[in-house]
Each structure stands twice: as C-alpha cells, then as structure tokens.
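# I would like to see how this sequence folds:
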Amino acid sequence: MTERRCTLHIAVESFPFVEPFRIAGYVFDGQDVVVVTLTDGEHVGRGEASGVYYLDETPERMIAQIQAQRDLIERGVSRDALRAAMPPGGARNAVDAALWDLEAKRSGQPVWQLAGVPTPRPLATTFTLSADEPDAMAARAASYADVRHIKIKLTGDLPLDSARVRAIRAARADAWLGVDGNQGFARDDLVPLISMLVEERVSLLEQPVRRGREGDLDGIKCPIPVAADESVLTIGDIPRLVGRFSVVNIKLDKCGGLTEALAMADAARLHGLDVMVGNMVGSSLAMAPAFVLGQLCDIVDLDGPIFLERDREPSVSYVNGLASCPPALWGWPA
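Okay, here's the model as predicted:
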C-alpha cells in the first residue's frame, strides 16, 4: 500500500457468551475485543482482535501497543512495514485487518484478490463442544444435526475425557471428530489417549502437550494427525514442528494478522505440513480475514460467533455446517 494518511480509532467491545465455555485450565464467560478503525476521509477499514489469553494479552496491553505506533499507522504504514514495527499478537492483527480492509475499499478489489487467494467458497468448519459432562456434550453433538465436523474440548482428565469422546461418538456415528487437548496431557497419558482416539475414529489430535514440552511427543507413535496450536505462534516456529506435528493451526491473533498467516501457510506446505485455520473466539468481523486464509486450508475451525449472545450485522452465516462471509462484512469494495 502506498503511503496515504489516515485516522486511527481504537475501541474495546464486549461480547458475552451464551453459556460458559470450558477448556483445559480455563472457563470463559465472554470475550472483550479490540476494534481498530482506519479512515482516510473517504474509505473506512476495520479489524478486530481478541488477543491470546495464555500470553496474557489484554485489551489494555493491545491498545498500548497500537498507541505506541499511532504516528506510523496514521502516516499510512504498509502491511509489511507494520509487520516489522509491531510484534506478533492481537494488536498487530487488528491493525493488519484494518489495513487489508482499507486497501480493498481504496483499490476496488476484494481482499481475496489482493492476497492471490482463489475465489471464496463456503467452508466446512468444525463446531466446537465446550468441555462438560459426557451426556451433556453428547446431547449438544446430537443437536448439531446438520454439522459434519465436530471438535471436542478436553481437559486432561483421561478417564473423563475418554467418556466424553465415547459418548459423543455414540451420539454422532457419522461425524468427523477432532479433539483439542489445550496442552492438558502428560506424556504418560499419551499412549492410552491415542489408543482410545483410534478406537473411536477420531481424525485429529490438537495440542495434547504443553508449549515448551513438545519433546513429550518424541517416540510416541500416533496414526492420527497431530496439530500444533499453542506450540506454533509465528512463521519462525514452523521448522521445529517437523517430526512431532503434522498440522499447523494458524490463528491470526497468534501470528499478528492475515499478512503473516498467508506466509505461514506457504511455509507450512514447504515443510510438508497440513494447514488449519483457527480462532480465539470473536465476532464475525474477526472471522472474515481468517475466512480468506481458510480458502487455503485443509481444516477449518471458524465457529467463534456461535458462542456469542449477539453478533455483528452482517455476520458469518452457518448453514449445513458451512461458513460463508457476506461481502458487506469485511474486505470488499464499498
């Protein structure tokens, strides 16, 4: 993007959840997001970020990072210059998304064309089950009658997690199932965990071990693809995943925006890894840039807005397990 001055506005918005969302070690009741708006007096670009909770990214810290670069941003920073000036994380993601949106408005081209991505198509997304009692999770899985892909949040309690997976499989014999350990498992639990997952025809094991303890996977034979989530934040983390993980879960809040995410997808392919797009939960505005990345991905997890009491208008639509972004939401010419 050529330099052209704009005005930066930063806001915090709160989105309560329909019900508490439970994963290993955490319970969430809602999500506060940082919204960046850039305007040049004629065109407006927007971006939203939730930040990364396990890196202690709060709205206050993200706003401080953005404010520190206000002059650079308002002078008309390019996306590449922004990537060099700000660290990866939610703050940079919000600004990066606003820059992409603003460029689409100015150029008359949608973001997918600017990014060299194929024409967007509806994407089969996973629908996530928050950790709960097995019967409750099975009932929720059964209620997702038209959903083809289900991701199960585990807590690291192997007997309870096994009961959860078995109950959900019994309720949905037809569904693709993946599980997310959210760093909850010790090395000694990995072999029995994997054996149970194979028995229940689970197709993905995401982040079973803690970030920094990836060596716990060494010597563990797993016929199921293992996805790195917390273990991969940016493009620099990708080379060390080889041999331990087979899938890279790219989240825009982790890596700092669509600009870095597209580069990460290319790097993952070069290292022989499959690509997944995920989310930190947020409104449809946060899903829209990830939807562009999702056009290049093997696995898509963009169900964040379904957990919110309210969403933006227009919003991502979820029909028969497919996610679609309306052009008026983000990233298209006005």
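# For the stretch 101-250 of the chain, which residues score under the pLDDT cut-off?
Scanning the stretch 101-250 of the chain for pLDDT under 70 picks out no residues.
# Would you double-check that residue 46 falls in a strand?
Yes - membership of residue 46 in a strand is supported by DSSP: H, G, I helix; E, B strand; the rest coil.
# Would you check that it makes contact with residue 36?
Yes - under the criterion of C-beta atoms under 8 Å, residue 46 makes contact with residue 36 at 6.9 Å. Glycine gets a C-beta too; all of them are placed from N, C-alpha and C.
# and for those two, which residues touch both?
97-98 (C-beta atoms under 8 Å, 6 or more residues apart in numbering).
# who has more neighbours, the two?
residue 36 (26 against 22; other C-beta atoms under 10 Å).
# How far off centre is stretch 316-334?
Put simply, stretch 316-334 sits 16 Å off its chain's centre (C-alpha atoms, centre = their mean, to the nearest Å).
# Could you work out the end-to-end span of that stretch for me?
18 Å (C-alpha to C-alpha, to the nearest Å).
# Pull the residues that contact it.
Residues contacting stretch 316-334 (C-beta under 8 Å, 6+ apart): 43, 46, 97, 100-101, 104-105, 107-112, 120, 122-125, 127, 144, 146-149, 284-285, 287-289, 291-292, 294, 300, 302-303, 305-306, 312, 314-315.
# Is there a quick ChimeraX command that grabs whichever of these are buried?
Only the buried entries of the contacts of stretch 316-334 go into this ChimeraX selection, using 16 or more other C-beta atoms under 10 Å:
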select :43,46,97,100,101,104,105,110,111,112,120,123,124,125,127,144,147,148,149,284,285,287,288,289,291,292,294,300,302,303,305,306,312,315
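# Take the contacts of stretch 316-334 and keep only those in strands.
Within the contacts of stretch 316-334, residues falling in strands by DSSP state E are 46, 123-124, 127, 149, 300.
# Give me the pLDDT for the residue nearest the centre of the chain.
Closest to where the C-alpha atoms of the chain average out (C-alpha atoms, centre = their mean) is residue 279, at 1.9 Å. As predicted, residue 279 sits at a pLDDT of 97.
# Please name the nearest non-neighbouring residue to it.
residue 304 (4.4 Å; C-beta to C-beta, 6 or more residues apart in numbering).
# That neighbour: neighbouring residues, count only.
Residue 304 has 24 nearby residues by other C-beta under 10 Å.
# ok, now residue 11?
Residues near residue 11, counting by other C-beta under 10 Å, number 12.
# does it count as helix, strand or coil?
Once three-state DSSP is applied, residue 11 turns out strand.
# Surely it is in contact with residue 34?
Yes - applying C-beta under 8 Å as the test, residue 11 and residue 34 come out as touching, 7.5 Å apart.
# returning to what we had before: and the residue nearest to the centre of the chain, how far from residue 121?
19 Å (C-beta to C-beta, to the nearest Å).
# ok, now residue 68?
Separation of residue 68 from residue 121 (C-beta to C-beta): 39 Å.
# higher neighbour count, those two?
residue 68 (13 against 10).
# how far away is the more buried one from residue 95?
11 Å.
# cool, and residue 121?
Counting by C-beta to C-beta - residue 121 and residue 95 are separated by 28 Å.
# swap in residue 269?
Where residue 95 is concerned, residue 269 sits at a distance of 27 Å (C-beta to C-beta).
# Who has more neighbours out of the two?
Between residue 269 and residue 95, counted using other C-beta under 10 Å, the more crowded position is residue 95 (31 against 13).
# so who does that one touch?
Contacts of residue 95 were listed using C-beta under 8 Å, 6+ apart, and they are 36, 38, 47, 66, 69, 73, 82, 86, 257.
# quick one: the last one and residue 93 touch, right?
Which is residue 257. Yes - here residue 257 reaches residue 93: they are 4.4 Å apart, a contact under C-beta under 8 Å.
# The two: which is more packed in?
In this view residue 257 and residue 93 are compared by other C-beta under 10 Å, and residue 93 has more residues nearby, 35 against 29.
# Three-state assignment for the residue of the chain positioned farthest from its centre, please.
Taking C-alpha atoms, centre = their mean, the residue of the chain most remote from its mean C-alpha position is residue 41, at 31.7 Å. Secondary structure assignment for residue 41 (three-state DSSP): coil.
# give me phi/psi at it?
Torsion angles at residue 41 (phi, psi; degrees, to the nearest 10) stand at phi 90, psi -20.
# and the residue nearest to it when sequence neighbours are not counted, what is it in contact with?
Closest residue in space to residue 41, ignoring its immediate chain neighbours: residue 7 at 7.8 Å, by C-beta to C-beta, 6+ apart. By C-beta under 8 Å, 6+ apart, the contact list for residue 7 reads 38-41, 74.
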